[in-house]
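In: no sequence for this one, just the structure:
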């Protein structure tokens, strides 16, 4: 309970709880929409879906390792916002052209954004949290950050069943909302 109260009172942790949760709404929709696009719209196989997500993961690992080598102090907020906007921009072309090349390109770009987002998020959280609170604050903060993902997946299932374009549009809208909330809520210092 002390960790919950601490996160609620901590301006940065509270802001990350909102911004990252909203971003994870988009991510939750994405993990539903991409398989539906590949399997239903493009006639691909489950193996192809796995390969696309694996490629995104490999690019994400490289991105995280590269970004982890550069200093992000003082630029965390801007990097996170840039990553969310870039991931939204990666999905936008799918609204105009939903083919395999565009799906792969969107997912690879989203893999690149992992380093731009995750490294600054974790370093910002660590830098701005009193070391005595790290365990409790991180456990609560990270749980709150993830809450958007299952909600986004549930929403993604309903949206993708109605319209893939609607699901993709929701990804963009939630990404823009996440960028705006990070900009407005995360303290500059």
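Out: Yep, it's here. For clarity, every value in this text was computed on a predicted model and none was experimentally measured.

In: Would you agree residue 109 is in contact with residue 86?
Out: Yes: in this structure residue 109 lies within contact range of residue 86 using Cβ atoms under 8 Å: 6.6 Å. Any C-beta I mention is one placed from the backbone N, CA and C, and that applies to glycine too.

In: Residue 186: what's it in contact with?
Out: Going by Cβ atoms under 8 Å, 6 or more residues apart in numbering, residue 186 touches 12, 15-16, 19, 77, 80, 124.

In: Report back the residue of this protein that's furthest from centre.
Out: In the chain, counting by Cα atoms, centre = their mean, residue 132 sits farthest out from the average C-alpha position, at 28.1 Å.

In: For that one, give me the pLDDT.
Out: With respect to pLDDT, residue 132 scores 84.

In: For residue 145, see how far away it is.
Out: For residue 132, the distance to residue 145 equals 21 Å [Cβ to Cβ, to the nearest Å].

In: next one: residue 6
Out: 15 Å.

In: swap in residue 181?
Out: In terms of Cβ to Cβ, residue 181 sits 12 Å off from residue 145.

In: repeat for residue 48
Out: Taken as Cβ to Cβ, the span from residue 48 to residue 145 is 30 Å.

In: Pick out whichever of these two has more residues nearby.
Out: When residue 48 and residue 145 are compared for neighbours, residue 145 comes out ahead with 20 against 17, by other Cβ atoms under 10 Å.

In: Mind jotting down where the strands sit in the protein?
Out: In order along the chain, the chain carries no strands (DSSP state E).

In: and the longest helix for it?
Out: helix 100-127 (DSSP state H).

In: Now do the buried residues in that helix.
Out: Going by neighbour count (16 or more other Cβ atoms under 10 Å), the buried part of helix 100-127 is 102-104, 106-125.

In: Report the distance from it to the chain centre.
Out: Put simply, helix 100-127 sits 7 Å off its chain's centre (Cα atoms, centre = their mean, to the nearest Å).

In: From residue 132, how far out is residue 139?
Out: Taking Cβ to Cβ, one finds residue 139 at 14 Å from residue 132.

In: Residue 7 too?
Out: 14 Å.

In: Also residue 123?
Out: In terms of Cβ to Cβ, residue 123 sits 19 Å off from residue 132.

In: Residue 36 now?
Out: Plainly put, residue 36 is 46 Å away from residue 132 if you go by Cβ to Cβ.

In: Perfect, that will be all.
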